[in-house]
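S.K.: Take this sequence and fold it.
(4 chains)
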Number of protein chains: 4
Amino acid sequence: MIVIMKPNATKEQVNVVIERIKKEGLDVHLSEGTEQTIIGLVGDTRGAQDIGFKSYDGVEQTVKITCSYKLTSREFHPADTVVDVDGLKIGDGSMVMMAGPCSIEGLDQIMECARIAKEGGATVLRGGAFKPRTSPYAFQGLEEEGLKYIREAADKYDMKVITEVMDEANLELVCRYTDIIQVGARNMQNFKLLEAIGKTGKPVALKRGISGTIDEWLNAAEYIANRGNFNIMFVERGIRTYETATRNTLDLSAVPVIKKLSHFPIIVDPSHGVGVWDYVPQMAIAGVAAGADGLIVEIHPDPAKAWSDGQQSLNEKTYLNMMEQVHIIEEAMKKVNAIKLI
Amino acid sequence: MIVIMKPNATKEQVNVVIERIKKEGLDVHLSEGTEQTIIGLVGDTRGAQDIGFKSYDGVEQTVKITCSYKLTSREFHPADTVVDVDGLKIGDGSMVMMAGPCSIEGLDQIMECARIAKEGGATVLRGGAFKPRTSPYAFQGLEEEGLKYIREAADKYDMKVITEVMDEANLELVCRYTDIIQVGARNMQNFKLLEAIGKTGKPVALKRGISGTIDEWLNAAEYIANRGNFNIMFVERGIRTYETATRNTLDLSAVPVIKKLSHFPIIVDPSHGVGVWDYVPQMAIAGVAAGADGLIVEIHPDPAKAWSDGQQSLNEKTYLNMMEQVHIIEEAMKKVNAIKLI
Amino acid sequence: MIVIMKPNATKEQVNVVIERIKKEGLDVHLSEGTEQTIIGLVGDTRGAQDIGFKSYDGVEQTVKITCSYKLTSREFHPADTVVDVDGLKIGDGSMVMMAGPCSIEGLDQIMECARIAKEGGATVLRGGAFKPRTSPYAFQGLEEEGLKYIREAADKYDMKVITEVMDEANLELVCRYTDIIQVGARNMQNFKLLEAIGKTGKPVALKRGISGTIDEWLNAAEYIANRGNFNIMFVERGIRTYETATRNTLDLSAVPVIKKLSHFPIIVDPSHGVGVWDYVPQMAIAGVAAGADGLIVEIHPDPAKAWSDGQQSLNEKTYLNMMEQVHIIEEAMKKVNAIKLI
Amino acid sequence: MIVIMKPNATKEQVNVVIERIKKEGLDVHLSEGTEQTIIGLVGDTRGAQDIGFKSYDGVEQTVKITCSYKLTSREFHPADTVVDVDGLKIGDGSMVMMAGPCSIEGLDQIMECARIAKEGGATVLRGGAFKPRTSPYAFQGLEEEGLKYIREAADKYDMKVITEVMDEANLELVCRYTDIIQVGARNMQNFKLLEAIGKTGKPVALKRGISGTIDEWLNAAEYIANRGNFNIMFVERGIRTYETATRNTLDLSAVPVIKKLSHFPIIVDPSHGVGVWDYVPQMAIAGVAAGADGLIVEIHPDPAKAWSDGQQSLNEKTYLNMMEQVHIIEEAMKKVNAIKLI
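M.R.: Down below sits the predicted model:
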């Protein structure tokens, strides 16, 4: 971190800044230019990034150089982290496929979803039992009953379960049934929940916040890693922008950015990314080409009857067709990865 | 709610939609135009807004007419709600002033803040004991110790306390010390927390999410009201946009919009809105002129030494000067309100 | 401008950067910290801000210190610039009022608008003869005929004219009729048009781009000033965000930000800012309290019959009522300005 | 288009709306529900979309059903349009490759760029002679001299030229040298320029505005098509969002959306999309997988010495490596297209 003083800053103003830095147990590297003085902080500056130097008299600007996360950074852990979900490897160069309905609506429905998902090649079954809904009058999920159904369906088809937990109070319950804990977009910065998940050690899929920056997302992962849980995967699910032609704007460039800055795998969710089922297959394969370690999509035996997110769910036919396309690009990506320089 | 069919939709496709609507216990008003058929839903359609009609064959578009919140709407409760915080009225036409530090740093600091806040005319003391921080390595608050300090300071100066609760686990603890519960921007859609707060019946200040739409914000309030708690006030604190000259973009038009759509009061937080202390006074008075029921600002006896948010905190001199300006505009607004048509 | 090298940058990489800087005719201030080397550029660095130092091996980051505009900056010209429109002063501490229809629809309509505008206290008549419309099938304006009408109406009521020019080809024509040239939001970065306007020396109202940053806006003004035209006023008209409750998000904090960074006056356009007529009066007075040097609003004798922007136009009654409110806040602001510290 | 009346709208208010619609030469389909009246407009409603029905007493909402563009729509022209650039086909299922520097810096530089571009398989040479720059002090391009150089280089390597025109005044000059006219992001809604280009009949690459919606983009194309020029291709180059890890947010979902709504081809520009060279190759292949008809990328023999955009330019080695990857995905996409349902 460096502090840049104004051209007309006084010697005394410079000293006030220096004293404050030293109080944090850090050293100072002073550079007195002809135009302005620049003060570099030397040492572990993560704690000092909060200091409101900009409110000091004579300070022009501060520049963050070190990132505020550490365990999550590629610098700290240069090799890719491979998350092991009871034998299923995520981030090892293969492409993991997760599919299932938005909401678990009953045993029959989730069984049928599991059958379809598996047929297309998915190894992880998704489905929500606790649903975060904008309106309190919308369907909020089957809760524990739903968790039982998805576990049963996944077991029958030899799949893993991914499902969302919305609060610490239900974390233990959800952990009893799921293989991967999903943190929803609205909870990306629910720090107490992240810490609690950190303590479980369970694989966790951390969705990007509705308007989360990549930097905030990496820091959110740090809350989990900092409690000892390194079984983290990121999920890009689109961000909020002014564009309304799609539900969100799927930010596929987040994939190479995350790959550069962090060692954890990243999954792409084209269903929430675009919000309209007929754009999902195209964005799924674009996600694979962007370098994702996996995909998570919403499917439903009869989308028109889905209790939620029907408009973005694929039916059996479109899902299976999409999976054929995904496999073609998956194969092509092996060749791409074999030759690529960066 | 209405469903608009495509120009070439078949009779059968229309019937599928109608059947689905009837399954929800609703009636249908059918309008068969020369160009396209329009299907109106008749009855309480709040539950039906989730149905993914857009995934139905032959459907062009759906239009939400009824809003998905009810108790929060001005339609349901035409008169302004006045929140009573132990005798302090918010939303009765007077302007409530809340001031204090970002973080409670110690007893001396919060005492000094209370003295300054009170001198400027504030009747509510703000200060965080649980701090949601982007990085897990940043200062996270003094927790219960901090709650004790702020209570003591507020009592000494005969003020009310407003402080943030971050999770259900600490709700009871926070309620023991505070008069107003603050829900932070990151928790606007932490629905489990909203429901728990709803059950307490305590006055609650609901901050707008970092990229919360006004519609989502009103629905978030509905989660609280739906559990029987009508002591709600909104807090506009700026939204995330592409602009970086200010920390957030303070959306003052949210004030008249909320006033039109809801009966609950709304407070403006210029400190987080702009994030730079020298813009705060100007935006504070603009907030008053926009029709806010109150202001909440960050102050600090010595901003340069603040543990967090120093760059947006006012010192004693600038705060007291700002309050003089606020009182001038407050008086002027009484005249404005006496004549205004809308 | 400073260039921050990576912690592991080699001596040679540092030298490549230094050589490049010297090639620009600039000096270098080198600061070799224990952790990283920082290279400061000494001299007029505006031209060097384009160099893609980030593509150099070993470079971590560059930091812009000097802003890229000069004539527009408060630093260059500490006193407020007062624009003189043929005797009408803008930016001298008084509040200039501009009102009129979105489009000039005929002589009767613009005459009636002028009468109403004047009655409320406006001294400038607005109205578009060339209309930038999203669709080519929408009404594009009466062109020269419209310019004649607005001139005639303004002259009758002893007002000034402000009207938009959309391209260089019509600049001379528009200048023949108008007192103030308006640059619309879509043309904020139409640099050829800005340069041409710069050469006319005419007063110009530069609207903020639909998603223009404040920095880009100041640089756009620099294009005009750089050709010798200092008769510039900024117009804040709302920016594009994700929120749909209002047409745009009126960014009133742009007012104090512009006042701090530049010496040119700034006008607020609440009509385009919110896009719904019943929010306009409230945001107009909020704009005055934010420190604007003037307002520009859309009015229409019969908004329901307006050819464009009817939903955001005020009718006579609401406009006159708004103006009463504006005058109350205007008076109050004189008291505020007399005491304010910043 | 339909107009939805408020539940309590009077008969008279309904009649005012109906009269206004009839004045536009349109018919009305009236649907009087038990809860609210809905008025459908029958006929060519493109002109009526401007009417501010929302300002009418008793009107709740208006819903646009027909899009405001026509010639650009897939509905009007179901088959894909193939743009023919003097024998080079764009949009015929093959993948066109455009590469070159941001700015033309001299004959040697553009010659070297052409050699590299061609070696990687590009058939179109890009390079700017007129540069829209945020600051007036930045390099503005070599103008006609630059146009001569790029023409010479393209001719030598048997390539086509694409270059930007910034204003009508230089349109004829640019047309003399270029094969494809590029409309830059800042000019997407420079309607006068679009109309002038429409009259030339030349192939045109229409970049998406910095914060252009897809609907506005399609309407911008309509301005060109409406003057008789159907040689249009869209260029997705990233949109402005709050995220700063990349220069813009490359919106690859725009590719399938444009393909669904329009018949014109679409090209992806990953260089401006991400703004950092090392993310470009990954996003280039993601663009191909998203269904783009081509790519346009920035290359430079020595990016560190580029006069502009050096940080997002590929050098020879990375460009050639990227092209190998592109060809792999291009081949895979043929298989994908052969099987895909939607």
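
S.K.: most residues in a single helix of chain A, which one?
M.R.: If you go by DSSP state H, chain A has its longest helix at helix A:316-339.

S.K.: who does that one touch, helix- and strand-wise?
M.R.: Counting contacts by 3 or more CB pairs under 8 Å, 6 or more residues apart in numbering or on different chains; DSSP states H and E, helix A:316-339 packs against strand A:96-100, helix A:107-120, helix A:280-289, strand A:294-298, helix D:316-339. (Glycine included, C-beta is placed from N, CA and C.)

S.K.: hmm, 6 Å instead?
M.R.: helix A:107-120, helix A:280-289, helix D:316-339 (3 or more CB pairs under 6 Å, 6 or more residues apart in numbering or on different chains; DSSP states H and E).

S.K.: Mean neighbour count, the ones you listed: which tops it?
M.R.: Stretch with highest mean neighbour count among the helices and strands packed on helix A:316-339: helix A:280-289 (a mean of 29; mean count of other CB atoms under 10 Å in any protein chain shown).

S.K.: other SSEs contacting that one?
M.R.: Against helix A:280-289 (3+ CB pairs under 6 Å, 6+ apart) you get helix A:270-274, helix A:316-339, helix D:280-289.

S.K.: Output these as JSON lines; include the columns mean pLDDT and distance to residue C:209.
M.R.: Converted to JSON lines, the helices and strands packed on helix A:280-289 look like this (pLDDT from 0 to 100; distance: least, CB to CB, whole Å):
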{"stretch": "helix A:270-274", "mean pLDDT": "97", "distance to residue C:209": "27"}
{"stretch": "helix A:316-339", "mean pLDDT": "98", "distance to residue C:209": "38"}
{"stretch": "helix D:280-289", "mean pLDDT": "98", "distance to residue C:209": "26"}
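
S.K.: Name the helix or strand for the spatially most central residue of chain A, please.
M.R.: Central residue of chain A (CA atoms, centre = their mean): residue A:234, 2.9 Å from the mean position. Assessed by DSSP states H and E, residue A:234 sits inside strand A:232-236.

S.K.: coming back round to it: any residues touching the longest helix of chain A, and which ones?
M.R.: Residues outside helix A:316-339 that contact it (CB atoms under 6 Å, 6 or more residues apart in numbering or on different chains): A:95, A:116, A:120-121, A:281, A:284-285, A:288-289, A:299, D:289, D:324-325, D:328-329, D:332, D:335-336, D:339-341.

S.K.: OK, contacts around residue A:248?
M.R.: If you count contacts by CB under 6 Å, 6+ apart, residue A:248 has them with A:238, A:239, A:273.

S.K.: Is the strand holding residue A:234 in proximity to chain D?
M.R.: No - judged by CB under 6 Å from any CB of the partner chain, strand A:232-236 and chain D are separated, with a smallest distance of 11.5 Å.

S.K.: Could you do stretch A:202-221 as well?
M.R.: Yes - using CB under 6 Å from any CB, a contact is recorded between stretch A:202-221 and chain D, made by A:213, A:214.

S.K.: Just the C-alphas of that stretch, formatted as PDB.
M.R.: The C-alpha trace of stretch A:202-221 is given here as PDB (Å, rounded to 0.1, in the frame of the first residue of the first chain):
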ATOM      1  CA  LYS A 202     -17.600 -29.400   3.700                       C
ATOM      2  CA  PRO A 203     -17.300 -28.600   0.000                       C
ATOM      3  CA  VAL A 204     -18.900 -25.300  -0.700                       C
ATOM      4  CA  ALA A 205     -20.100 -23.600  -3.900                       C
ATOM      5  CA  LEU A 206     -19.900 -19.800  -3.400                       C
ATOM      6  CA  LYS A 207     -22.100 -17.900  -5.800                       C
ATOM      7  CA  ARG A 208     -21.100 -14.500  -6.900                       C
ATOM      8  CA  GLY A 209     -23.300 -11.700  -5.300                       C
ATOM      9  CA  ILE A 210     -25.900 -10.000  -7.400                       C
ATOM     10  CA  SER A 211     -23.600  -7.100  -7.800                       C
ATOM     11  CA  GLY A 212     -20.500  -8.600  -6.200                       C
ATOM     12  CA  THR A 213     -17.100  -7.400  -7.500                       C
ATOM     13  CA  ILE A 214     -14.500 -10.100  -8.200                       C
ATOM     14  CA  ASP A 215     -12.500  -8.600  -5.300                       C
ATOM     15  CA  GLU A 216     -15.300  -8.900  -2.900                       C
ATOM     16  CA  TRP A 217     -16.000 -12.500  -4.000                       C
ATOM     17  CA  LEU A 218     -12.400 -13.500  -3.400                       C
ATOM     18  CA  ASN A 219     -12.600 -11.900   0.000                       C
ATOM     19  CA  ALA A 220     -15.800 -13.800   0.800                       C
ATOM     20  CA  ALA A 221     -14.000 -17.000   0.000                       C
END
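
S.K.: Now do the buried residues in that stretch.
M.R.: Buried residues in stretch A:202-221, counted by 16 or more other CB atoms under 10 Å in any protein chain shown: A:202-221.

S.K.: is that stretch anywhere near chain C?
M.R.: No - judged by CB under 6 Å from any CB, stretch A:202-221 makes no contact with chain C; its nearest approach is 7.8 Å.

S.K.: ok, now how distant is residue A:189 from residue A:196?
M.R.: In this view, residue A:189 and residue A:196 are 14 Å apart by CB to CB, to the nearest Å.

S.K.: got the residues of the stretch 101-250 of chain A near chain C?
M.R.: Residues of the stretch 101-250 of chain A lying near chain C by CB under 6 Å from any CB: A:240, A:242.

S.K.: please redo it, this time with the cut-off set to 10 Å
M.R.: A:210, A:211, A:239, A:240, A:241, A:242, A:243, A:244, A:248, A:249 (CB under 10 Å from any CB of the partner chain).

S.K.: would you turn these into a markdown table with secondary structure, pLDDT and distance to residue C:257?
M.R.: Shown next, in a markdown table, are these (DSSP: H, G, I helix; E, B strand; the rest coil; pLDDT from 0 to 100; distance: CB to CB, whole Å):
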| residue | secondary structure | pLDDT | distance to residue C:257 |
| --- | --- | --- | --- |
| A:210 | coil | 96 | 27 |
| A:211 | coil | 96 | 22 |
| A:239 | strand | 98 | 25 |
| A:240 | coil | 97 | 24 |
| A:241 | coil | 97 | 23 |
| A:242 | coil | 97 | 21 |
| A:243 | coil | 96 | 26 |
| A:244 | coil | 93 | 29 |
| A:248 | coil | 97 | 30 |
| A:249 | strand | 98 | 27 |
